[in-house]
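In: I'd like to go over a predicted model; first the sequence, then the structure.
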Amino acid sequence: MSISERISKQLQQVLAGDPWYGSSVYTIIERISFEAAYEKPPGSVHNVAEIVLHMVAWTEEVMDRMNGLPSGVPTSGDWPETGKPDEQKWQNYVEDLKLVNVNLIGIIQKFSEEQWIEPTLDERNSDSGIGVTYEELINGLVQHHIYHSGQIALLNRIING
């Protein structure tokens, strides 16, 4: 199995498959009502809609990096504003998350084996190796998706009991 196939399969498993740790990202998000998406329980920094937009923004940023652009904050911002609660906007946010991940999987599947070990245009100092490789970049995004889907599941449990 190529690196592209393995990474693509791993991302798809986390997004819509049956990951060993529990529900997939999309399964968790699809349980969220429009009302719950915008509710911010006491002590919470973000609501579900904000977290989903954050996930969209960082997936877009990863796609930019995969396309050779230097690392930075997503063009839409780290935590894009959701605006006023709106049921159609919520549905659009969920669809946007799915669409950006479909696009990312397309990029992943076209990456050559040699490209995966190349460093991204990232100025981090990864133990003096500077940046991270493209493989590490995607693995980081997978971890990011898992982390935030856990937050969403917990917020939903707090809101709905």
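Out: Great, that's in hand. Since the structure is predicted, the reported quantities are computational estimates derived from the model, not experimental observations.
In: so which elements touch the longest helix along the chain?
Out: Across the chain, the longest stretch assigned as helix under DSSP state H is helix 134-160. Counting contacts by 3 or more Cβ pairs under 8 Å, 6 or more residues apart in numbering; DSSP states H and E, helix 134-160 packs against helix 3-16, helix 25-30, helix 34-38, helix 48-66. Yep, even glycine has a C-beta here, placed from its N, CA and C like the rest.
In: now that helix: buried residues?
Out: 134-138, 141-142, 145, 148-149, 151-153, 155-156, 159 (16 or more other Cβ atoms under 10 Å).
In: hang on, the earlier thing: which of the helices and strands packed on helix 134-160 sits closest to Glu114?
Out: Among the helices and strands packed on helix 134-160, the nearest to Glu114 by Cβ to Cβ is helix 3-16 (9.7 Å).
In: which residues touch the closest one?
Out: If you take Cβ atoms under 8 Å, 6 or more residues apart in numbering as the criterion, helix 3-16 is touched by 1, 19, 24-27, 98, 101, 104-105, 108-113, 116, 135, 138-139, 141-142, 145-146, 149.
In: just stretch 95-114 next, same as before
Out: So stretch 95-114 is contacted by 2-5, 7-8, 11-12, 15, 25-26, 29, 52, 55-56, 59-60, 62-63, 66-67, 134, 138, 141 (Cβ under 8 Å, 6+ apart).
In: and what of stretch 116-123?
Out: 3-4, 7, 65, 68-71, 129-135, 137.
In: kindly recompute the last result at 6 Å.
Out: For stretch 116-123, contacts defined as Cβ atoms under 6 Å, 6 or more residues apart in numbering pick out 3, 65, 70-71, 131-135, 137.
In: ok, those vs Gly77, which is closest?
Out: For the contacts of stretch 116-123, the nearest to Gly77 is Ser71 (15.0 Å; Cβ to Cβ).
In: how close does the closest one get to Thr120?
Out: Per Cβ to Cβ, to the nearest Å, Ser71 is found 6 Å from Thr120.
In: how about Gln88?
Out: 35 Å.
In: one more: Thr75?
Out: For Thr75, the distance to Thr120 - Cβ to Cβ - is 17 Å.
In: show me which of those two is the more surrounded one.
Out: Using other Cβ atoms under 10 Å, the more surrounded residue of Thr75 and Thr120 is Thr120, with 21 against 11.
In: all set, thanks.
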